[in-house]
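Trainee: dropping the sequence and predicted coords here.
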Amino acid sequence: MQRRTALAALFGAPLAFKSGLQAATLRKTDDEFLDDLSRCAFRYFWEQADPQTGLILDRARSTGERVTGGGANVASIAATGFGLTALAIASDRNWVRERDAIERARKTLRFFFNQAENERGWFYHFMDASSGQRVWNSEASSIDTALLLAGVLTVRDKFRDPEISWLAAQIYARIDFPWMLDGDSNLLSHGWTPENGFLPHRWDRFSELPLLYILAIGSPRSPISPASWYAWQRPTVTYAGFTYVNGPPPLFAYQYPQAWIDMRALRDGDPSSIDYFHNSTVATRAHRAYCLEMSSKFPRSYSENVWGITASDSAKGYVDWGIAPCKVEIDGTVVPCAAAGSLMFAPDICVPAVRTMWERFGDRIWGRYGFCDAFNPTTGWIDPDVLGIDQGITLVSAENLRGGNVWRWFMGNAEIPKALELCRFHRDSDPRTEVARRELMRQFTLVNRK
């Protein structure tokens, strides 16, 4: 009861938590919990933004304090993209005044257009939060610029503010997408550094790359060919009876692109013909099955409603881990944003997971911004930090589940439907997918029913 009372006092509303949840439905009490989770996640972006630049810190303590050492004032442009999206959500839900959200979005976009260090429109992965100067010799990152741009376009459609609209259009148009091909016909580079030029790796295999390619193909001034969409590999894997297009081990690769792009009931053209939304749903279920298999080795860590591994902090440092094969052996760490980031895909298994983590471990892992980044029930290790990108995918996925707002705002930018059309996306004609879509929409209705 102590945790429930604390949350009620924090948000000024009574909470009614019930046990014995049925996985197939979302009740009003689930919506209340998701509201609390979302408000806490939003608080990170409201409090950990630099007041002058709008840049969002890469990480902070779960208590709200800054981390110490060389990372104390380091911002992430990916976290800033989530932070701009968070402003749209908070304004729509009246967590902050709309004029305050608009002014902060204006300030952030002014900074990126006028002051932030960049190379041909591509921004550096990590910046000093106060000056916008490159730190840690980081790359001008193609994928992180895409995540930033997703937030820029979200606030453009949400607020319809003349200055925001103009700045967003200029930031998007300035990005030289063909330059990031580094001489290749279709495949984009991971990034560029002043010291060594282009990075040796390309976005050539299914991962979080769909967002980057859709933005590049839809560019109003410097697009790349729609053929690029079909140039990267789409290997499939079957695990525990689930067959899906397989990316890198971390679950975030299936989540980040569709935090913004609404791919429900859509397929691309031949030779792919993939329903990416369904693919992320299946990948989430396979991931849970993997954690359940690991429960024989880590019974204190994983169970039916406590599961989830994605790139995160660990007792040994930051780890890019997930479903096997993985370079790093699983050690019993649980990462809340793995399940939370898939709320929009599989609410029947993800809502019970995040609620159970709170009910079972909340007095240890719940802080000012909601869940800490990771914890290990087997060893007792608890991360003292939260990460901006992980709070971001939690907030955006919950918002898409609750009402589809981020999808609607992002898709309201004409460049995105245009890019999907150029890539030959079409309405899925598979009746099984349509049944699944209707069931998911039924759950959306349930979670918003008053």
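Mentor: Nice, thanks for sending it over.

Trainee: can you get me a residue count around the residue nearest to A240 when sequence neighbours are not counted?
Mentor: Setting aside the residues directly before and after it, A240 is nearest to A289 in space (CB to CB, 6 or more residues apart in numbering), at 3.8 Å. Quick note: C-beta positions are derived from backbone N, CA and C, even for glycine. By the criterion of other CB atoms under 10 Å, A289 has 16 neighbours.

Trainee: isn't A289 up against Y244?
Mentor: No: the criterion here is CB atoms under 8 Å, and A289 misses it with Y244 at 11.7 Å.

Trainee: if I look at the closest residue to V351 other than its chain neighbours, how far off is E208?
Mentor: Take V351 and drop its neighbours on the chain: the residue closest to it by CB to CB, 6+ apart is D30, 5.3 Å away. Taking CB to CB, to the nearest Å as the measure, D30 falls 28 Å from E208.

Trainee: do G332 as well
Mentor: Shown here: G332 relative to E208, a distance of 26 Å by CB to CB.

Trainee: so where do the strands sit in the stretch 1-150 of the chain?
Mentor: Ranges of strands in the stretch 1-150 of the chain, per DSSP state E, counting those that start in this stretch, are 59-61, 74-76, 118-119, 122-123, 126-128, 140-141.

Trainee: burial measure for D320, as a count.
Mentor: 14.

Trainee: count of neighbours near the closest residue to it other than its chain neighbours?
Mentor: Closest residue to D320 apart from its sequence neighbours, by CB to CB, 6+ apart: A311 at 4.7 Å. When neighbours are counted by other CB under 10 Å, A311 registers 23.

Trainee: same thing with E117?
Mentor: If you count neighbours by other CB under 10 Å, E117 ends up with 13.

Trainee: same question, E329
Mentor: Residues near E329, counting by other CB under 10 Å: 8.

Trainee: wasn't it part of a strand?
Mentor: No: using DSSP: H, G, I helix; E, B strand; the rest coil, the secondary structure at E329 is coil, not a strand.

Trainee: any idea how far it is from R160?
Mentor: When E329 is compared with R160 (using CB to CB), they lie 50 Å apart.

Trainee: in which helix or strand would I find L153?
Mentor: Per DSSP states H and E: L153 is located in helix 142-159.

Trainee: give the other helices and strands that that helix contacts.
Mentor: Contacts defined by 3 or more CB pairs under 8 Å, 6 or more residues apart in numbering; DSSP states H and E place helix 142-159 against helix 77-92, helix 98-114, strand 122-123, helix 162-174, helix 210-217, helix 252-260, helix 405-411.

Trainee: out of the ones you listed, which is the most enclosed?
Mentor: helix 77-92 (a mean of 28; mean count of other CB atoms under 10 Å).

Trainee: any idea how far that helix is from the chain center?
Mentor: Helix 77-92 has its C-alpha centroid displaced from the chain centroid by 11 Å (CA atoms, centre = their mean, to the nearest Å).

Trainee: now that helix: average pLDDT?
Mentor: Taken as a whole, helix 77-92 has a mean pLDDT of 98.

Trainee: can you check stretch 371-389 too?
Mentor: 98.

Trainee: flag every buried residue along it.
Mentor: 371-378, 381-383, 385-389 (16 or more other CB atoms under 10 Å).

Trainee: contacting residues for I89?
Mentor: For I89, the contact set (CB atoms under 8 Å, 6 or more residues apart in numbering) comprises S38, F42, W95, L395, V396, E399, N405, V406.

Trainee: now these: which count as buried?
Mentor: Burial by neighbour count, 16+ other CB under 10 Å: within the contacts of I89 this picks out S38, F42, W95, L395, V396, E399, N405, V406.

Trainee: please tell me how far the fifth one sits from A41.
Mentor: Same thing as V396. From V396 to A41 the distance is 9 Å (CB to CB).

Trainee: what sits in contact with each of these two?
Mentor: Residues touching both V396 and A41 by CB under 8 Å, 6+ apart: A86.

Trainee: about what we covered before: can you tell me which of the buried ones among the contacts of I89 is nearest L87?
Mentor: Distance to L87 across the buried ones among the contacts of I89 (CB to CB) is lowest for F42, with 8.7 Å.

Trainee: next up, the contacts around the closest one.
Mentor: A86, I89, A90, W95, L395.

Trainee: which pair of the residues you listed spans the longest distance?
Mentor: W95 and L395 (10.9 Å).

Trainee: mind listing what the residue positioned nearest the centre of the chain touches?
Mentor: The centroid of the chain falls nearest to I393 when counting by CA atoms, centre = their mean (3.1 Å). The contact partners of I393, by CB under 8 Å, 6+ apart, come to F82, F252, Q255, Y256, A259, C337, A340, G341.

Trainee: before we move on, what about D268?
Mentor: Applying CB under 8 Å, 6+ apart to D268 gives the contacts W229, Y230, I274, Y276, C423, R424, F425.

Trainee: and the pLDDT for it?
Mentor: 97.

Trainee: the residue lying closest to it once chain neighbours are set aside - how many residues pack around it?
Mentor: Once flanking residues are discounted, D268 sits nearest to F425: 5.3 Å by CB to CB, 6+ apart. When counting by other CB under 10 Å, one arrives at 19 neighbours for F425.

Trainee: all numbers from here: first residue = 149
Mentor: In the new numbering, first residue 149, that becomes F573.

Trainee: where does the stretch 149-298 of the chain dip in pLDDT?
Mentor: Applying pLDDT under 70 to the stretch 149-298 of the chain flags the ranges 149-176.

Trainee: flag every buried residue along stretch 202-222.
Mentor: Residues 202-210, 215, 219, 221-222 are the ones in stretch 202-222 that count as buried (16+ other CB under 10 Å).

Trainee: quick revisit: a markdown table for the strands of the stretch 149-298 of the chain, including distance to R304?
Mentor: Formatted as a markdown table, the strands of the stretch 149-298 of the chain follow (distance: least, CB to CB, whole Å):
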| stretch | distance to R304 |
| --- | --- |
| strand 207-209 | 27 |
| strand 222-224 | 21 |
| strand 266-267 | 19 |
| strand 270-271 | 17 |
| strand 274-276 | 22 |
| strand 288-289 | 21 |
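
Trainee: what's the closest of those strands to P565?
Mentor: Closest approach to P565 among the strands of the stretch 149-298 of the chain is made by strand 270-271 (24.2 Å; CB to CB).

Trainee: show me what the closest one is packed against.
Mentor: strand 288-289, helix 290-307.

Trainee: that one pairs with which strands?
Mentor: Note on strand 270-271: by DSSP bridges, its sheet partners are strand 266-267 (antiparallel).

Trainee: nothing else from me, thank you.
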